[in-house]
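In: need a structure here:
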Amino acid sequence: MKLLVYLEQAKILNIMLEKNQANPGVGGTTFTAARLAIALKDEINKNGFNIEIFFTTEIKEYTFFHDIEVIPLSEISKFKFGCAIITGDLINSIFEKKIFINSKRFISCIRHPYDYDKISKSKKIKAEIVSVSNSAYISNFFICGPHNQIDNLFNAERIRKSLSIDEKSLKNLFIEKENKKLITIGFMGALVSSKGFHYLAKNWSKVSNYCNQQNIDVRLEVIGGSDLYEFNNSHKILPCSKKYGDLLENYIGEEINKTVFFHGTLGPERYDLMSGCDIAVVNPTGSGEAFCATILEWFSLGVPVISSLNYGMSDCMKYFKDLTIDNPNEIQKKIISYINFDINQKNRLKLQSYLIANYHSANEEQLIQKWLLLINESNIFVKELTNIKIYFGAGKNYIKFLLITLKKILYKFLSF
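Out: Next up is the predicted model:
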């Protein structure tokens, strides 16, 4: 059987030089698709399964990526596949008949919560649906009912081995900092509004003022730019669009390169910077997040995270009552609370973060086997909703989603 896997961003072909390396600086959708195909190929070779894997993406010439042939998307109609794993914009293109892929089966990876658009289009092209986290499954259940759920692959050791300094381990996790009066806070994510950095920027003066009053030096390391997803990157100073950059400048203009440092989109070198942070903030609303890969990257390095329980964030943040926020305006309170924790509390959070990353990593082999079963038409991963609290929370979010959608429709209607 021929299996096709779609890569949303072709640039990964040039920057992911080792097949077992951590994310080289592309969007999570592209990286997890590449990791899945590479892991499947290794398992297929080891066991002699009759499956041949191919990639497709927007390139001009045929090539190979870690021993897997890459077919230009413009040439894909010339081939016949037994199964195609698709996502994102390719679902749109197939639905709109802009691209024809001759495949017996389609499997749509739904990578956002409450993704009515992609689920609806997937059903219309008769694709089977896979949600990539438990939280995403619950949210998408309200749209399409029971379907498949297989988490994204994640491996903490790849991240730890990317460090140029000593590899992060339990042995050196609790080494005391030389400068105890310095607090370093991290943020990692594309500099676009959906990732919510502006909420941290808006509240930064309160954090900075508090630290000044306590005679504490504070730094905010911002990793990421809008070019992570190949979006507009036109601001004169910051690695984002002009509109978003102007908003951020309004909040933190005087602090840029004083207490706030922007590093843009980084490859694996970001892990050295991340490992030096005391605590991180990740998407404070959880908007659009199906799988908490960014949180898990911080956890791999023993760095606790402040975030919400919304959507995919809950898969990790449910273990951290002290660090979860109900709304973005609580960010500064949680940061200040963390600063005031004693050393034992901080070490407990470090250890808990590190172990949760290990826990998610331990599932990788099982997830690969799930995919092999699904690819071989063993559609047995329909899940049941059993936790009434999660069910209720997801229902509440769905009602919120419907109200927002209705508001947009009414706005368009009244604009005419």
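
In: measure the residue positioned nearest the centre of the chain to Gly27 for me?
Out: Ranked by distance to the mean C-alpha position of the chain (Cα atoms, centre = their mean), the top residue is Ala293 at 4.3 Å. Distance, Ala293 to Gly27, using Cβ to Cβ, to the nearest Å: 10 Å. C-beta here means a position set from N, CA and C on the backbone, and glycine is covered the same way.

In: in stretch 352-361, what's buried?
Out: By neighbour count on 16 or more other Cβ atoms under 10 Å, the buried set for stretch 352-361 is 352-354, 356-357, 360-361.

In: what of stretch 111-124?
Out: For stretch 111-124, burial by neighbour count (16+ other Cβ under 10 Å) applies to 111-115, 118-119, 121-123.

In: same check on stretch 140-160?
Out: In stretch 140-160, counting by 16+ other Cβ under 10 Å, buried: 140-144, 147-156, 158-160.

In: my guess is Ile94 contacts Ser108, does it?
Out: No. Judged on Cβ atoms under 8 Å, Ile94 makes no contact with Ser108 at a distance of 9.5 Å.

In: which neighbours do the two share?
Out: Here Ile94 and Ser108 share the contacting residues Ile86, scored by Cβ atoms under 8 Å, 6 or more residues apart in numbering.

In: tell me which of the two has more neighbours.
Out: Ser108 (27 against 23; other Cβ atoms under 10 Å).

In: just the strands in the stretch 1-150 of the chain please.
Out: With DSSP state E, counting those that start in this stretch as the criterion, the stretch 1-150 of the chain has strands at 2-6, 52-57, 63-65, 68-72, 80-81, 83-86, 102-103, 106-110, 128-131, 148-149.

In: can you give the contact residues for the fourth one?
Out: If you take Cβ under 8 Å, 6+ apart as the criterion, strand 68-72 is touched by 4, 7, 13, 37-38, 41, 53-64, 79.

In: just how off-centre is that strand within its chain?
Out: Strand 68-72 has its C-alpha centroid displaced from the chain centroid by 25 Å (Cα atoms, centre = their mean, to the nearest Å).

In: neighbouring strands for it, and are they parallel or not?
Out: If you go by DSSP bridges, strand 68-72 pairs up with strand 52-57 (parallel), strand 63-65 (antiparallel).

In: out of the helices and strands in the protein, which is least certain?
Out: helix 388-415 (a mean of 66; mean pLDDT, DSSP states H and E).

In: hang on, the earlier thing: contacting residues for the residue nearest to the centre of the chain?
Out: Per Cβ under 8 Å, 6+ apart, neighbours of Ala293: 23, 28, 32, 152, 154.

In: quick one: which of these is nearest Asn102?
Out: Thr32 (25.1 Å; Cβ to Cβ).

In: sec struct for the residue lying closest to the closest one once chain neighbours are set aside, please.
Out: Computed as Cβ to Cβ, 6 or more residues apart in numbering, the closest residue to Thr32 that is not its neighbour in sequence is Asn152, at 4.5 Å. With DSSP: H, G, I helix; E, B strand; the rest coil as the basis, Asn152 sits in coil.

In: my read: Asn152 touches Ser131, true?
Out: No. Asn152 lies out of contact with Ser131 (Cβ under 8 Å); the separation is 10.3 Å.

In: what do these two both touch?
Out: With Cβ under 8 Å, 6+ apart, Asn152 and Ser131 have no common neighbours.

In: restricted to buried residues, select the contacts of strand 68-72 in ChimeraX.
Out: This is how ChimeraX selects the buried members of the contacts of strand 68-72, with burial counted by 16+ other Cβ under 10 Å:
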select :4,7,13,37,38,41,53,54,55,56,57,59
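
In: per-domain residue ranges of the chain.
Out: 2-154+364-375, 156-361 (automatic domain parsing).

In: these: which one's closest to Ile404?
Out: Of the domains of the chain, nearest to Ile404 by Cβ to Cβ is domain 2-154+364-375, at 9.7 Å.

In: ends of the closest one, how far apart?
Out: Length of domain 2-154+364-375, first residue to last, Cα to Cα, to the nearest Å: 10 Å.

In: what pLDDT, on average, does that domain get?
Out: Here domain 2-154+364-375 scores 95 as its mean pLDDT.

In: how far out from the middle of the chain is it?
Out: Chain-centre distance of domain 2-154+364-375: 16 Å, with Cα atoms, centre = their mean.

In: likewise stretch 401-408?
Out: On Cα atoms, centre = their mean, the centre of stretch 401-408 falls 25 Å from the chain's centre.

In: give the buried residues for that stretch.
Out: Phe401.

In: for stretch 226-240, same thing?
Out: For stretch 226-240, using 16+ other Cβ under 10 Å, the buried residues are 226-229, 233, 235, 238-240.

In: got the CA coordinates for it in CSV?
Out: The C-alpha trace of stretch 226-240 is given here as CSV (Å, rounded to 0.1, in the frame of the first residue of the first chain):
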residue,chain,number,x,y,z
SER,A,226,5.0,35.8,12.6
ASP,A,227,7.2,34.1,10.0
LEU,A,228,6.9,30.8,11.9
TYR,A,229,3.8,30.3,9.8
GLU,A,230,5.1,32.4,6.9
PHE,A,231,2.8,35.3,7.8
ASN,A,232,3.5,39.0,7.3
ASN,A,233,6.7,40.2,9.1
SER,A,234,6.7,43.9,8.2
HIS,A,235,7.2,45.7,11.5
LYS,A,236,10.3,47.9,11.6
ILE,A,237,11.6,46.6,15.0
LEU,A,238,9.6,43.5,16.0
PRO,A,239,9.4,40.2,14.1
CYS,A,240,5.7,40.5,13.3
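
In: show me what it is in contact with.
Out: Under Cβ under 8 Å, 6+ apart, the answer for stretch 226-240 is 9, 11, 25-27, 190-192, 224-225, 241-242, 244-246, 248-249, 256, 262, 264-265.

In: cutoff 6 Å now
Out: By Cβ atoms under 6 Å, 6 or more residues apart in numbering, the residues outside stretch 226-240 that reach it are 27, 190-192, 225, 241-242, 245, 248, 262, 264-265.

In: tell me where the model's unsure across the stretch 251-400 of the chain.
Out: The stretch 251-400 of the chain contains residues with pLDDT under 70 at 378-396, 398.

In: could you pull out the strands for it?
Out: 260-262, 279-281, 305-308, 324-325.
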